[in-house]
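**Student:** Give me coordinates for this.
(2 chains)
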Amino acid sequence: MALRGNISGTAMALFLCGLALSVVSVVLIYSATNTAAGGQEGLYLKQMIWILISLVIFFVIIVLPLRMHEALSYVYYFLLITLLIALIFYGRQGGGSQRWFDLGFFHFQPSELGKVVVLFALARYLSYSKRPSQQFRKLVFSALLVFIPTALVLQQPDLGTSLVYLTMMLAVLFFSGLPAVYLLLIISPAFSMITSFHPVSYVVLFVILIILLIVLRPRAVMSSAIIIINLIFGVITPFLWARLAEYQRLRIKIFLNPGIEELGAGYQIIQSKIAIGSGGLFGKGFLAGTQTNLNYLPVRHTDFVFSVMGEEFGFVGAVLIIILLGAIIFMGLRTAMRVRNKFASYVCIGAITILFFQTVVNIGMTLGLMPVTGLPLHFVSYGGSSMILSWILLGLLVNAELNWQDY
Amino acid sequence: MTNLSLTSENRAHILGVIFGVLLLILAVRLFVMQTLEHAKYAEKAEKNRIRIVPEIAFRGMIFDRNGEVIVENRPSYSISAIPKEIDDIETVARNLSEILAIPDSLLAQRIRAERFRRYKPIRIARSVSFETVCKIEENPSKYPGIIFQLEPARKYPAGGILSHAVGYTGEISEKELAADSIKGVSLGTDIGREGIEKYWDKQLRGRNGANYWEITAEGKILGSLEEMDDKPAIPGRDLIVALDYELQQYAASLFADTLTGACVALDPGTGEILAFVSVPTYDANLFTGVLMKDDWDQLLSDERKPLLNRVIKGEYPPGSTYKLLIAGAALEEGIINRHTRYAACRGGYKYGNRIFKCWDLGGHGSLGVVDAIIQSCDVYFYQMGQMVGYDKFAEYSRKCGFGSTTGIDIPGEMDGLVPDIQWYDRRYGKGKWPRSLIINLSIGQGEILATPLQLANFYAALGNGGKLYRPHFLKAVITDEDTTMGRVEIKGRLPFSKSTLAILKEAAVGVVYGEHGTARGSRIEGIKFGGKTGTAQNPHGKEHALFCAYAPAEDPVIAITVVVEQGGHGSEAAAPLASKVIRRYLEKLNMLPEPDTVETLFQAEAD
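**Tutor:** Below you'll find the predicted structure:
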């Protein structure tokens, strides 16, 4: 406890970063929704209420010991799976998918909270299996643990969130000491999927894979597993592609070639790039962004809130968001390294990966570097679920930071 | 395995590097877009929010030489739809279809085309009648979201009478708009398509104004843009053209409905065009607004080719009207003098095995050059033409303005054709053509082709002492501030000396006033004028009748060419017509003596 006085500096910094981003959020949502062309006024007030609720939850998370979550992690997990299945029957339809329970005052989205729940379960599992000789079993169980909720989210369908689960799993598995060859086992099917539409590159991928296997020299079972999995993914992907929702296929296509539908989803990316680019170094000023104010920028209080920042406050404002989120991520990474308890350490890695992944995907989308996946920007995008989750993740980091010696 | 040797700290560092690099990529991309590419995006953002609504400039009006309005503007209506305000596109399209005569499927498709800018008015019809607009006004519930706008359209009060001279206008196409570098044009602007409207388009067009509006993503207008001042439209300039509308009407009326042909009259002192008739004609008003396909098809399929401007695009063998030129060349080259006689005309001329007939099979006997012209003796010219030869024929023809455009200020003028040895070599192969071709050329037949305008200009030059002016319509360009006069330009001089010209003019007057003159039936009492009849071979039917003249014989004020296609002899079909036009024009100028003076004059002559 002697060192707590020093460490609380980092904890305070984490909190202040989150708070600063939340303030930015209110400012941007105010600008995005009070437009000359007509918008939904008053959303910034709602967002302030969500921030207050989130702060309460944040302090609860700080106070509750992480051991409690560790103990309850499988219970959470079981509840999550139940909710996700229930969603199939009782969920609210909207925007071509079934993601929410309509609680009257609030659309409850289990998959959002599920990011933390899956993280707890994975961290719990990995922190209890210690023997390196059981690496393969460890991998299979971890994958199973994550794939079940991922599949349930993917069928909603919600591609973005399911990618968050998978990325988080990869980072935590890597951090927990999984050998490279196992990662190869997990990641290589993704490449098989991408190249499966192009026979030549698929063959090239296979050649590279075999060379890697020869260099890394895993056991024969492992080698054959990798080969078989890649074969299966390569063959079934085109069939799965055919089964994707039209809008999902369109999004991927538009990402690959934004020109194909100037006025459709490609329109969103184009307008976002115009908003950001036209902002310049210092922006057009608060409430003075023409792209924002005249409704050229689509879904500007949620998915494209970063573009509002880019337009009205320029590079200076936009890079501030990246710096604040980056600061949280790197302070979190430091905490993960110093915290003594394995569970807490894995939770920190998972939390910052979730923050990082959504930041890159969301901002990358507004800059035209990533497809439109519908992932919100943590702390900034409008929405209760996203705001609460952001502060829960921050709370977990601060908790670990404050108690790094105890755990 | 190497991975096992990585400590958890190493692994954290690796993650840190991955996170850091990706975040840095975002920041760098952001920086590039907001600094290096800023200008590009800023321009796109401006384009997004600013709508420039053009204010169409009024085209200039056109007046004739006496101040008579020959082209003006009339109010016209265009109908537009605002998609946002139409709930049931099908029904509205059906209702509109009833009054606009446009298929409802086409209308519905037009209205649906703009998916995102749903407030933006889509123009669906131009040049709609006032009655149609009234129907929409009276029943707004039937036509929700349909608006109409007043816009100027061209009106040609002369109907078809001036169409070949004045031309018509048409809406600029998107393709032309992309190519046209002239400022102040926008979609919806009418530009000149033919005639004076096209040639003087820049003067007539004016410059469209622009109103700058700020609009939302849906196309809703928020108001006038504060940073930009609206630009008012600058109306086009008015033109005064040399045409005499009254004379034009009269000349056109002389052609019977079944005739085809041309009549062009110009002022020999300036080259100004007084009358410009090509029959049949078309109504230029058909082209303003929406040209119905049926009307267009009819114009195109008409065998008499009403769209063909015969004055500048009709190429005819000049026939005997060309004899003055040949005679001039022979006199000038010293091949003949005014007393030279050739073998007497017995109704034909034998060359090799072939007999070339004279038009008068009775024969003219032995004549000098003046009488040969007056009586249009072909046999005289067959013999003289061979002495002139191909080279001099071509040289004199070109110097007299044939074989190339006159430079008139309307588009589409044809060159005509002056054949020379090179041309025949190209056409038939070197040397593989009969030497007798010059015999036909020397009476203006064969391959030689001239437009009525070239002939009129040549006769104008004969009348004015040899000056070849550039024929032109434009007299003046008028703006509120000032008046700019059109240019009078001498393009060349006839290659004839004064004495040669005097002989040719004596002959020309003799054609009309001589005892045996071919045009003696077309005299105007009280004055003297010179002219020449012509009868041009037509491989497709009866010969074309020609008559060229200038009047009065001394200090002429009008030169004229009349062509009546398949009219037969020039003396019968063309000369009387030309004579009437001349008489009317001289009357207008008060250049004809009063009837009683005429009598005394004749008395005096008789005495």
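
**Student:** For the rest of this, base every contact and every neighbour count on C-alpha atoms.
**Tutor:** Noted.

**Student:** Tell me the buried residues in stretch B:105-112?
**Tutor:** For stretch B:105-112, burial by neighbour count (16 or more other Cα atoms under 10 Å in any protein chain shown) applies to B:Leu107, B:Ala108, B:Arg110, B:Ile111.

**Student:** Next: stretch B:326-334.
**Tutor:** Result for stretch B:326-334 [16+ other Cα under 10 Å]: buried residues B:Ile326, B:Ala327, B:Gly328, B:Ala329, B:Ala330, B:Leu331, B:Glu332.

**Student:** List, one by one, the residues from the stretch 151-300 of chain A near chain B.
**Tutor:** Contact residues (Cα under 8 Å from any Cα of the partner chain) of the stretch 151-300 of chain A with chain B: A:171, A:174-180, A:216, A:263, A:273-281, A:290-291, A:294-296.

**Student:** how about low-confidence regions in the chain?
**Tutor:** Just going to use chain A. Applying pLDDT under 70 to chain A flags the ranges A:1-7, A:36-39, A:92-97, A:129-133, A:251, A:253-266, A:407.

**Student:** other chain: chain B
**Tutor:** Checking chain B against pLDDT under 70 turns up B:1-5, B:114-118, B:180-184, B:289-293, B:595-607.

**Student:** and it, what are its domains?
**Tutor:** B:50-241, B:245-606 (automatic domain parsing).

**Student:** Pick the most deeply packed of those domains.
**Tutor:** domain B:245-606 (a mean of 20; mean count of other Cα atoms under 10 Å in any protein chain shown).

**Student:** Please compute how far it lies from its chain's middle.
**Tutor:** Mean-position distance between domain B:245-606 and its chain equals 20 Å (Cα atoms, centre = their mean, to the nearest Å).

**Student:** residues contacting residue 197?
**Tutor:** Went with chain A since none was named. Counting by Cα atoms under 8 Å, 6 or more residues apart in numbering or on different chains, A:Phe197 makes contact with A:Pro238.

**Student:** actually chain B
**Tutor:** B:Val166, B:Gly167, B:Tyr168, B:Thr169, B:Ile191, B:Leu204.

**Student:** Among the residues you listed, pick out the one closest to chain A, please.
**Tutor:** For these, the minimum distance to chain A (Cα to the nearest Cα) is 32.4 Å, reached by B:Ile191.

**Student:** picking that back up, mind giving me CSV with the buried residues of stretch B:326-334 and columns for distance to B:Val563 and secondary structure?
**Tutor:** Below are the buried residues of stretch B:326-334 laid out as CSV (distance: Cα to Cα, whole Å; DSSP: H, G, I helix; E, B strand; the rest coil):
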residue, distance to B:Val563, secondary structure
B:Ile326, 20, helix
B:Ala327, 22, helix
B:Gly328, 23, helix
B:Ala329, 24, helix
B:Ala330, 26, helix
B:Leu331, 28, helix
B:Glu332, 29, helix
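
**Student:** circling back to that earlier point, I'd like to know which of the contacts of B:Glu197 are part of strands.
**Tutor:** The strands, defined by DSSP state E, take in B:Thr169, B:Ile191 from the contacts of B:Glu197.

**Student:** Could you dump the contacts of B:Glu197 into CSV with distance to chain A added?
**Tutor:** Below are these laid out as CSV (distance: Cα to the nearest Cα, whole Å):
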residue, distance to chain A
B:Val166, 45
B:Gly167, 42
B:Tyr168, 39
B:Thr169, 35
B:Ile191, 32
B:Leu204, 39
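
**Student:** now for the helix or strand where A:Val181 lies, which elements pack on it?
**Tutor:** Under the criterion of DSSP states H and E, A:Val181 resides in helix A:180-195. Secondary-structure packing of helix A:180-195 (3 or more Cα pairs under 8 Å, 6 or more residues apart in numbering or on different chains; DSSP states H and E): helix A:199-216, helix A:220-243.

**Student:** got the contact list for that helix?
**Tutor:** Contacts with helix A:180-195, where a contact means Cα under 8 Å, 6+ apart, come from A:136, A:139, A:170, A:174, A:201-202, A:205, A:213, A:216, A:218, A:225-226, A:229-231, A:233-234, A:237, B:3.

**Student:** got it, and stretch B:158-170?
**Tutor:** With Cα under 8 Å, 6+ apart, stretch B:158-170 has contacts from B:70-71, B:154, B:190-198, B:248-249, B:252, B:276-278, B:281-285, B:287-289, B:307, B:309, B:410.

**Student:** redo that, cut-off 6 Å
**Tutor:** B:190-197, B:281-284, B:309 (Cα atoms under 6 Å, 6 or more residues apart in numbering or on different chains).

**Student:** which ones are touching the closest residue to A:Ser196 other than its chain neighbours?
**Tutor:** Nearest non-adjacent residue to A:Ser196, counting by Cα to Cα, 6 or more residues apart in numbering or on different chains: A:Gly234, 4.9 Å away. Residues near A:Gly234 by Cα under 6 Å, 6+ apart: A:Ser192, A:Met193, A:Ser196.

**Student:** Using a markdown table, lay out the contacts of stretch B:158-170 together with secondary structure.
**Tutor:** Shown next, in a markdown table, are these (DSSP: H, G, I helix; E, B strand; the rest coil):
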| residue | secondary structure |
| --- | --- |
| B:Asp190 | strand |
| B:Ile191 | strand |
| B:Gly192 | strand |
| B:Arg193 | coil |
| B:Glu194 | coil |
| B:Gly195 | helix |
| B:Ile196 | helix |
| B:Glu197 | helix |
| B:Thr281 | coil |
| B:Tyr282 | coil |
| B:Asp283 | coil |
| B:Ala284 | helix |
| B:Asn309 | coil |
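
**Student:** For the helix holding A:Val181, list the C-alpha coordinates in CSV.
**Tutor:** Output of helix A:180-195 as CSV, limited to C-alpha atoms (Å, rounded to 0.1, in the frame of the first residue of the first chain):
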residue,chain,number,x,y,z
ALA,A,180,3.3,-18.4,-32.5
VAL,A,181,2.3,-21.6,-34.3
TYR,A,182,-1.0,-21.6,-32.4
LEU,A,183,-1.7,-18.1,-33.5
LEU,A,184,-0.9,-19.3,-37.0
LEU,A,185,-3.6,-21.9,-36.5
ILE,A,186,-6.1,-19.2,-35.5
ILE,A,187,-5.2,-16.4,-37.9
SER,A,188,-4.4,-18.3,-41.0
PRO,A,189,-8.0,-19.4,-41.6
ALA,A,190,-8.9,-15.7,-41.9
PHE,A,191,-6.4,-15.3,-44.7
SER,A,192,-7.8,-18.5,-46.3
MET,A,193,-11.2,-16.8,-46.3
ILE,A,194,-9.9,-13.6,-47.9
THR,A,195,-7.9,-15.4,-50.6
